[in-house]
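In: the following comprises the amino acid sequence and a computationally predicted model.
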Amino acid sequence: FDSGTAGGGNPRTLDESDLIELKLDGAGAGSGAVGGAGGAIVPPRLPTASSLPALLSSVQSEYDALLLELYDTRRTLEDTRRELSQALYQNDASVRVVARLVMERDGAREQLAAMSAQVAAAAAPATADGGRKRARDEDGEEQGGTKKAKEANGGGSGGGGGADNGGDGSKIPQSDVDSMMATWKATSKDRKKKSKDKGKDAPAGVTMDTVQSMEEAGKKSLHKSSAKAGLLSIASLGGGNLIVTAGRDRQAVVYNTDDGKVVATLVGSGTKADLADADIVRSVDDGTVLVATASVDGSIRVYATSPDPEGGAGGTSTDFAPCGTITLTDESIVDVSVHPSGKYVIAALQSGRVAFAALRDGGVLEEVAVLDAKGAGAEYTCADLHPDGLIYVVGTASGAVQVWDLSKQAPAGSVQAQGAGDDGVGIASLVMSDNGYHVATSTTTGTVQVWDLRKLKCAATMNADGADVGSVVKSLSFSPGEGKLLAYGGAKGTIAVVGVKDWDNKTTLSITPPKKGDAPTITGLVWTHGGMSMASCSDSDRPVRFWGKKE
């Protein structure tokens, strides 16, 4: 092009030699102008990467984001593992349930087949004997009519016998059986209702964590210091705040663990004979609190408070009035239990019999019957009454556990404890759970077993060879209510507590050791305050020891 001077001088023509070649960094020699084929365009730097602090901040942000993503991934992995574990556990439980149901079904089929065969085998003889039986019935009716005619004319003998029990004292009158059946229906219905509603606004109750927080909180001597040391029995009022102890001073003491005071001292509990056992029960009918004591000479004494005139619970006053005394035999009584109705007292005799006494109108104690297990010939060592009052479980010196049905007035079944039949192996103690499903026993060798009363099968065996508390276990106690825990005491002041159905969940408590010698063997153990605390005693030590939460 042409370019003139400022003053419009001679025109000038530019050619290619007037141009200057520009080279970019990294471009080879001989490359073209800016933007030529051999040039590399470098993008501009971001403002955040224009300095070292900005670069470090960017790297830190990327690192934090990476860690957060890793944490979320691991948490998701753990949740997935937990869900998988629960699913596998539920599947395993379902398989076990199905296997158990199949086994029970097969067993039921086998029993049905065996029963069918027995019925078929007995059908023919029964048919043959039918005619002879009808003839005997006709003869009996004729004799019965003759007997009734004689009695109507005053010619009968033995008219003083009762119509209900035949006057021989070997049977419980039907009126008393009906009364116990009515109590059984009421208490079992209430117990099942509580068990059904236990998850609805119900307190959690005692747990293993509660026991693990316990320690020996104190001790108190309740009986005469002049008498020989030792407490022979301890019982609590429904796992509440009232306990009763039977001492070697031949007295029974009712003690309130809340107030720390003696409610009543029952001085007439024994004459020249030592006490063997004591029990305390609140009547489900009127709230009366009853205390029964038994002596080694066969005597039973009953004391009762007056019912609350306003219809309340009553029974916490000091007005324990004697209701009466009966002497069954000159043999020792190994257990005494008050019926939940408060109307009857059941006792196990060492000779292998069960005595039944009643509190009649006016508070009079009356001996009703002495039941004998025909052909058993066992020596009883301990016993306990079912919370509904119709089943009485006794232990024998031969290691057998007999289950009495008081409505039928006969043993309904029996089981053999571990080691039964060996020389000197017998049942040392037993206890029923408040829910009525389990009974725990201990043998003279220290073995503790829990039995399912519904199936008469052993559910668990503990303290084998004295592994937990030694080879002497004379005290057992289920926690109140559902009986989720079982406590048993042994040598050197040791108490073991195990979870029912969770037998591996176990903890132990121990008495503070004395300065000299070993701690006494625990021979009595009860739960108090709904399972939040316990009380224990020993037949060689004077005080009652209380176990509670650590301060």
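Out: On my side now, so go ahead.
In: tell me which residues of stretch 356-372 are tucked away?
Out: For stretch 356-372, burial by neighbour count (16 or more other C-beta atoms under 10 Å) applies to 356-359, 365, 367-372. Quick note: C-beta positions are derived from backbone N, CA and C, even for glycine.
In: which ones among those residues lie within strands?
Out: 356-359, 365, 367-372 (DSSP state E).
In: just the pLDDT for the residue nearest to Val498 when sequence neighbours are not counted.
Out: Counting by C-beta to C-beta, 6 or more residues apart in numbering, Val498 lies nearest to Lys506, which is 4.6 Å off, once chain neighbours are set aside. Per-residue confidence (pLDDT) for Lys506: 92.
In: what's the helix or strand containing Lys506 packed up against?
Out: Here Lys506, judged by DSSP states H and E, is contained in strand 502-510. Judged by 3 or more C-beta pairs under 8 Å, 6 or more residues apart in numbering; DSSP states H and E, the packing partners of strand 502-510 are helix 208-212, strand 214-220, strand 494-499.
In: and the first one, how far from the chain's centre?
Out: Its chain's average C-alpha position is 14 Å from that of helix 208-212, according to C-alpha atoms, centre = their mean, to the nearest Å.
In: one step back: so what strands line up beside the strand holding Lys506?
Out: Sheet partners assigned to strand 502-510 using DSSP bridges are listed as strand 494-499 (antiparallel).
In: contacts for the partner strand, please.
Out: For strand 494-499, contacts defined as C-beta atoms under 8 Å, 6 or more residues apart in numbering pick out 208, 211, 462-463, 468-470, 484-490, 505-511, 519, 522, 525, 534, 536, 547.
In: make a ChimeraX selection of the buried ones in these.
Out: To isolate the buried ones among these in ChimeraX, judged by 16+ other C-beta under 10 Å, type:
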select :208,211,462,463,468,469,470,484,485,486,487,488,489,490,507,509,511,519,522,525,534,536,547
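In: export stretch 461-476 as CSV, just CAs?
Out: Taking C-alpha atoms only, stretch 461-476 is exported to CSV below (Å, rounded to 0.1, in the frame of the first residue of the first chain):
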residue,chain,number,x,y,z
THR,A,461,-27.3,-76.9,83.8
MET,A,462,-24.9,-74.6,85.7
ASN,A,463,-22.2,-74.7,88.4
ALA,A,464,-21.0,-78.2,87.3
ASP,A,465,-18.3,-79.4,89.7
GLY,A,466,-18.7,-76.1,91.6
ALA,A,467,-17.2,-74.0,88.9
ASP,A,468,-19.2,-70.8,89.8
VAL,A,469,-19.9,-70.7,93.6
GLY,A,470,-18.5,-74.0,94.9
SER,A,471,-20.0,-77.4,95.6
VAL,A,472,-22.5,-76.2,98.2
VAL,A,473,-25.6,-74.4,96.8
LYS,A,474,-28.5,-74.1,99.3
SER,A,475,-30.2,-70.9,98.0
LEU,A,476,-31.9,-70.1,94.7
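In: what are the contacting residues of that stretch?
Out: With C-beta under 8 Å, 6+ apart, stretch 461-476 has contacts from 418, 428-431, 440-443, 445-450, 486-492, 494-496, 498, 503, 506, 508, 521-525, 536, 539.
In: list buried residues within the residues you listed.
Out: Listed as buried from those are 418, 428-431, 440-443, 445-450, 486-492, 494-496, 498, 521-525, 536, 539; burial here means 16+ other C-beta under 10 Å.
In: which of those residues fall in helices?
Out: Of those, none are assigned to helices by DSSP state H.
In: between the buried residues of stretch 356-372, which sits nearest Val263?
Out: Leu359 (20.6 Å; C-beta to C-beta).
In: from what I can see that closest one touches Lys343, true?
Out: Yes. The pair Leu359 / Lys343 is scored as a contact, 5.4 Å apart, by C-beta atoms under 8 Å.
In: can you list the low-confidence ranges for the stretch 251-400 of the chain?
Out: Across the stretch 251-400 of the chain, the ranges flagged by pLDDT under 70 are 268-273, 307-318, 362, 375-377.
In: which parts of it are strands?
Out: Counting by DSSP state E, counting those that start in this stretch, the stretch 251-400 of the chain has strands at residues 252-256, 261-266, 275-282, 289-295, 299-304, 321-327, 333-338, 344-349, 353-360, 364-372, 380-385, 391-396, 400-405.
In: the third one pairs with which strands?
Out: Same thing as strand 275-282. Strand 275-282 is paired, per DSSP bridges, with strand 289-295 (antiparallel).
In: ok, the longest one next?
Out: Using DSSP bridges, the neighbouring strands of strand 364-372 in the sheet come out as strand 353-360 (antiparallel).
In: got the phi/psi numbers for Asp79?
Out: Note on Asp79: backbone dihedrals following degrees, to the nearest 10 are phi -60, psi -40.
In: cool, Val177 as well?
Out: phi -60, psi -40.
In: for it, which non-adjacent residue is closest in space?
Out: Leaving aside its sequence neighbours, Val177 sits nearest to Ser407 (C-beta to C-beta, 6+ apart; 5.8 Å).
In: pick out the residue nearest the middle of this structure.
Out: Geometric centre of the chain, nearest residue: Gly483, 1.9 Å, by C-alpha atoms, centre = their mean.
In: ok, that one - contacts?
Out: Counting by C-beta under 8 Å, 6+ apart, Gly483 has contacts 433-435, 437-438, 500.
In: so how far is Gly436 from it?
Out: 9 Å (C-beta to C-beta, to the nearest Å).
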